[in-house]
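Peer 1: Got a predicted model here, sequence first, then my questions.
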Amino acid sequence: MTVKPDTCLGISIVNERTPFTFCAVNVRLQVTDLKHGELADVQKWIAMFPHAFVAVNAPSRTNKGLMKMTEVRKTLNPPPTPGHWTNLRVLEYELRRRGIRTPRTPEASADCPTWMHLGFGLYQALQECGFSPYPHNENPQQWMEIQAETSFYALAGNTLLEGHTLEGRLQRQMILYNCGLGIKDPMTFFEEVTSHRLLHGNLPVNLVYELKELNALVAAYTAWLAANRPQQVMRLGAIEEGQVITPSSDELENIGLLRQISIFGIAEIPS
């Protein structure tokens, strides 16, 4: 890869009134921005970074019906039960059977939840602004799809705690802190917990990032790895359905689908 960005951006989307959480990380892994907003806010914000890699924690495409194809299902180990596991991407099946929580991406756009539609809109906006899918040898503006839970799993090398719990958030914050990302040290939380605070339910939760913030941060870190240490990331999934960029992991390397190429030799399927 011949181009490197000045900044790596991470974006996470949730079903809330303010759906987007977005952050910026510089080449030294310092977090220079962490915000919440609407799609228009994100678009205006991205325009501030003419040389940036953007990682989005949302599917880039609907599934293309590969999991309904007999020849595809036969390649999976173990093969899915007949009639089950049909309306999701191949990648999502492989990750779920390894215990990694990942959303199912429906085949019909009408069946996709609101947050997925917001993601599709964001990818389209990025394309219209001149961003190219990662990897691209010349364009300093590139986008990539990531799955936060998969990135955390790869970085942790072990099972993750439930993300919506305090301990799960602390675990994810520690993972990122140990990776060198310039965020709050999660151990400070324990230093601030006193018996008085515990008795009165006044825990220093302001020292712990929200899950949507952690997901945006791991997206930015994954983009940073892709830009600066491309040998430490891998692409998973079928090109036809959109590939996911994730930190390398021995467990993920064992997923029974080939990477970087069309895994079944199927011609490109229109969106």
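Peer 2: Received it, and whenever you're ready, just let me know what you need. Numbers count the residues shown, from 1 in each chain.
Peer 1: Show me which parts of stretch 56-76 are buried, residue by residue.
Peer 2: Neighbour counts over stretch 56-76 (16 or more other C-beta atoms under 10 Å) mark 56-64, 66-67, 72-73, 76 as buried. For glycine as for every other residue, the C-beta is placed from the backbone atoms N, C-alpha and C.
Peer 1: pLDDT on it, on average?
Peer 2: The pLDDT scores in stretch 56-76 average 93.
Peer 1: what's the answer for stretch 192-211, then?
Peer 2: The model assigns stretch 192-211 a mean pLDDT of 88.
Peer 1: Could you number the chain from 18 rather than 1 from now on?
Peer 2: Will do, 18 is the new start, and the previous item becomes stretch 209-228.
Peer 1: Buried residues in it, which are they?
Peer 2: For stretch 209-228, by 16+ other C-beta under 10 Å, it's 224, 225, 226, 228.
Peer 1: what do you get for stretch 150-164?
Peer 2: Per 16+ other C-beta under 10 Å, stretch 150-164 contains these buried residues: 150, 151, 152, 153, 157, 158, 159, 160, 161, 162, 163, 164.
Peer 1: hmm, which two among those are most spread apart?
Peer 2: 157 and 164 (24.5 Å; C-beta to C-beta).
Peer 1: in the chain, which spans are helices?
Peer 2: For the chain, applying DSSP state H gives helices covering 56-63, 87-90, 107-113, 131-145, 165-173, 183-195, 204-209, 212-216, 228-245, 267-270.
Peer 1: List the buried residues in the third one.
Peer 2: Looking back up the chat, that one is helix 107-113. 107, 108, 109, 110, 111, 112.
Peer 1: Could you pull up the residues touching the third one?
Peer 2: So the one you mean is residue 109. Contacts here follow C-beta atoms under 8 Å, 6 or more residues apart in numbering; on that basis residue 109 touches 80, 119, 120, 121, 122.
Peer 1: Report the two of the residues you listed separated the most.
Peer 2: Top of the distance list for the contacts of residue 109 (C-beta to C-beta): 80 and 119, 12.2 Å.
Peer 1: Where does pLDDT dip in the stretch 68-217 of the chain?
Peer 2: Residue ranges of the stretch 68-217 of the chain with pLDDT under 70: none are present.
Peer 1: need the buried residues of stretch 150-164 in TSV with distance to residue 248, can you?
Peer 2: Listed next are the buried residues of stretch 150-164 as TSV, based on distance: C-beta to C-beta, whole Å:
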residue	distance to residue 248
150	19
151	14
152	12
153	17
157	20
158	22
159	17
160	20
161	16
162	20
163	17
164	20
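Peer 1: Out of those, name the ones that lie in strands.
Peer 2: 150, 159, 160, 161, 162 (DSSP state E).
Peer 1: just to revisit the earlier point, so for residue 40, which of the helices of the chain sits nearest?
Peer 2: It is, among the helices of the chain and with distance given as C-beta to C-beta, helix 228-245, at 4.7 Å.
Peer 1: wait, doesn't residue 20 sit right on residue 158?
Peer 2: No - here residue 20 does not reach residue 158: they are 9.2 Å apart, not a contact under C-beta atoms under 8 Å.
Peer 1: hang on, the earlier thing: adding distance to residue 38 as columns, could you present the buried residues of helix 107-113 in CSV?
Peer 2: CSV is the format used below for the buried residues of helix 107-113 (distance: C-beta to C-beta, whole Å):
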residue, distance to residue 38
107, 28
108, 23
109, 22
110, 27
111, 27
112, 22
